[in-house]
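> Build me a model:
(2 chains)
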Amino acid sequence: MPQNRSRKSPVEESRTLSVVRQLWRHGDRFFQGLVVLAALAVPALVVAIGYVLWNGSALSRRAFGWAFLYTARWDPAIDRIFGALPFIEGTLVTSLLALLVAVPISIGVGIFLAELAPPWLRRPAGFLMELLAAVPSVIYGLWGLFVFIPAVVRPLGEWLSAHLGFLPIFAGPVFGPSRLAAALVLAIMVSPTIAAFSRDVFQAIPQSQREAALALGATRWEMISQVLVPYGLSGLLGAVILGLGRALGETMAVTMVIGNNLDLSASLLHPGYTMASVIANEFTEATYDLYLQALVEVGLVLFATTLLLHIFARLLIWGVARRIPQESRV
Amino acid sequence: MRKMLFVLLLGVVLAACGPASTPPQPSTPAASTVAPGGTTGPTVLPTGSIQVNGAGATFPFPLYSRWFYEYAFIDPTVKFNYQSIGSGGGIKQITARTVDFAGSDAILTPENYAAAPGIQMLPTVGGAVVPVYNMAELKDQVALVLDGITLAGIFLGQITKWNDPAIAALNPGLPLPDRDIIVVHRSDGSGTTFIFTDYLSQVSADWKAQVGNAPSVEWPVGLGGKGNEGVAGMVRQNDGAIGYVELAYARQNKMSIARMVNAAGNTVEATIETTQNAMADFGDAMPDTLARSIVNAPGANSWPIAGYTYFLVYMDQTDCLKAQKLVEFIRWALTQGSSYATELEYVPLPENVRNLVLAKVDQITCNGAPLDR
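Below is the predicted model:
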């Protein structure tokens, strides 16, 4: 307030200022400590989660050993045998298939929004896309079960099994809820994330790159495919990894449309099961220790799978980044 | 000046809000006619000053929350808090004594009893599980009839067509098509599945040996739907599907409900009455644990696929005030409260079972001393 300032002499004021400055100088160190602490919290959290999962599944690990990874039985009632193979298969198949469908579409969306869309469309379309990424997954699940499966997946499945049924991956009979349904719903869910990130990647590419390509006589398509995509490749791969992360861990929507069945057949039209789904389904009513610990071990396997896929993708990005000459990335 | 005005205004608004958040006023005539279930002597406690916490089964949650809501009009000094985290979680929490009572659909195992000595199961209400189906040809026909062996055969994947002789023999006159049966079951662990597999284990030796009885089993065939809504959705969308849900859910969603041939050989329909008959059939043979399977009941007009849901409490409590309030509540819920059960399509305990439970509740003590009556 103005009265306060008038009461202070200029000398006093400069003294306070210098004290504040001094504090700021110490603040520098303080701030550095804070940031380092925050950065350390992330790996600490990863280790803590891993430790809890490892510790919490001791009984199950001792009982089944490595067989847990390649046993296709999950019988909590009679034999009390647990194996995660159908869940591992389901998680990998649905996530990778979802990426296969989502990546071309969403990178296309990213290119369109960054390079081709008229300015009046750019903002509303971008906004809608971000909105799509914020829809809760249970909504996707219910919509998938009651609208998407009867309207799209079932007719598509019937067509596939009628025309391509000789391939084991499209063998009938056709069920609505299936690996295909889960993969398509996942594709819809991860597309906005990948599209938003790839748009940002394209927008971050310096204008000079575009101008240079056009000046050399490239068409717009040549500019995009031969200059922009290679330039932004590591960023695009990062966007895909984010999508993969969401697909691997998605629980609710997948549980509602995948059919939750231990069937290990190759057919995408048959129901399947994922790691996240079995945990969500059975955790609440797991009434004895071994059962509970087997579910925790599924969590551990999911954690390890996610970690390995991320490491693999990271290595891929580094490989790609090394191939691109340094001078083109100025 | 403006600030003062704002503060004044704020005060007025707060004062206006105050009374609305104090004791809930009786809203329904049913609640207001019920006499206070016994306020503890002359000591007057402030509203909501005693918190009784519970956790467990999801199946009875709608009824329990209704009970707690109505009971707040009768005894405003106590506040119940129930988290529907599933029976397994409820058993774990009551064993660790982090809650005052638990809810469970599953019957405690000997290991559970060993881990929580002094624990007692108290049936609160029952529920019926019904087979539901969807077939275009049977839309305007009388309800399909099934028996235990046939139902087990379908869920085992041994009976795969709707015109199978076993189904046809039970349904003369129904136009059963030559269509694949699509089996739908719950994918999440649930009391509904526990009751359903309990029944199939009782009637079919094959089922008992191959699949068994648990809240979640290794299904030989079929699609898994999450929750009642998942099963209902998958049954609706697949012509030729059969699944199982709770009676109330099937009725509210106008699904086709199959009739069952019961142990006495009669064809019965699932109703609150036929389910209560099943409970009464076993009422005189109730063990001291008060926990009993009631599937495949012998009565002439008893629905065969039914089960209880239970409260889990310690017979010797440590907090006397809480214990008093909890016991009063259970007495109220089992007597006056049963009208809310029928309203929500749960099945109230029959007379003989209720008397057993009330007698057991009267024996609850606090640190070894009996509670005030």
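> Which residues of the stretch 101-250 of chain B lie near chain A?
Contact residues (Cβ under 8 Å from any Cβ of the partner chain) of the stretch 101-250 of chain B with chain A: B:106, B:109, B:111-112, B:180, B:182, B:187-190, B:197, B:209-219, B:222-226, B:230, B:233-234, B:237-238. Every C-beta, even on glycine, is put in place using the N, C-alpha and C of the backbone.
> Could you tell me which of those residues belong to strands?
Using DSSP state E, the subset of those located in strands is B:182, B:223-225.
> Make JSON lines out of the residues you listed and add pLDDT and neighbour count.
JSON lines is the format used below for these (pLDDT from 0 to 100; neighbours: other Cβ atoms under 10 Å in any protein chain shown):
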{"residue": "B:182", "pLDDT": "93", "neighbour count": "23"}
{"residue": "B:223", "pLDDT": "92", "neighbour count": "28"}
{"residue": "B:224", "pLDDT": "93", "neighbour count": "27"}
{"residue": "B:225", "pLDDT": "92", "neighbour count": "27"}
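> now, among those, which is nearest to chain A?
Nearest to chain A, judged by Cβ to the nearest Cβ, of those is residue B:224 at 2.9 Å.
> Give me the contact list for stretch B:253-262.
Residues outside stretch B:253-262 that contact it (Cβ atoms under 8 Å, 6 or more residues apart in numbering or on different chains) are B:130-135, B:138-139, B:143-148, B:151, B:170, B:232, B:235-236, B:242, B:245, B:247, B:250-251, B:267-270, B:296-297, B:299, B:302-305.
> now, which of the residues you listed lie within helices?
Cross-referencing the contacts of stretch B:253-262 against helices under DSSP state H gives B:148, B:151, B:170, B:232, B:235-236, B:247, B:250-251.
> From the residues you listed, list just the buried residues.
B:148, B:151, B:170, B:232, B:235-236, B:247, B:250 (16 or more other Cβ atoms under 10 Å in any protein chain shown).
> Domain-wise, how is the chain divided?
Picked chain A for this. Per automatic domain parsing, the structural domains of chain A span A:2-56, A:64-328.
> wrong one, I was asking about chain B
Split by automatic domain parsing, chain B gives B:2-26+B:47-127+B:307-370, B:129-280+B:294-305.
> if you compare those, which one is most tucked away?
Of all the domains of chain B, domain B:129-280+B:294-305 carries the top mean neighbour count, a mean of 20, counting by mean count of other Cβ atoms under 10 Å in any protein chain shown.
> so how far is it from its chain's centroid?
In this view, domain B:129-280+B:294-305 has its centroid 18 Å away from the chain centroid, taken as Cα atoms, centre = their mean, to the nearest Å.
> cool, and stretch B:47-61?
Distance of stretch B:47-61 from its chain centroid, counting by Cα atoms, centre = their mean, is 15 Å.
> which regions of the chain sit below the pLDDT cut-off?
Unless you meant another one, I'm taking chain A. A:1-11, A:13, A:23-24, A:323-330 (pLDDT under 70).
> wrong one, chain B
Within chain B, the segments meeting pLDDT under 70 span B:1-44, B:373.
> Okay, now the sheet partners of the longest strand seen in it, with direction.
Taking DSSP E as the criterion, chain B has its longest strand at strand B:119-134. In the sheet, strand B:119-134 lines up against strand B:241-246 (antiparallel), strand B:256-257 (antiparallel), strand B:306-314 (antiparallel), strand B:347-348 (antiparallel) (DSSP bridges).
> can you list the residues of the stretch 201-330 of chain A near chain B?
A:255-256, A:259-262, A:271, A:273, A:277, A:280-288, A:292.
> Can you flag which of these belong to helices?
Within these, residues falling in helices by DSSP H are A:255-256, A:277, A:280-282, A:292.
> Out of those, which two sit at the greatest distance?
Across those, the longest distance by Cβ to Cβ is 23.5 Å; it joins A:256 and A:292.
> The two - which one has more neighbours?
residue A:256 (32 against 20; other Cβ atoms under 10 Å in any protein chain shown).
> Surely the more buried one touches residue B:231?
No. Counting by Cβ atoms under 8 Å, residue A:256 sits too far from residue B:231 to count as a contact (11.2 Å).
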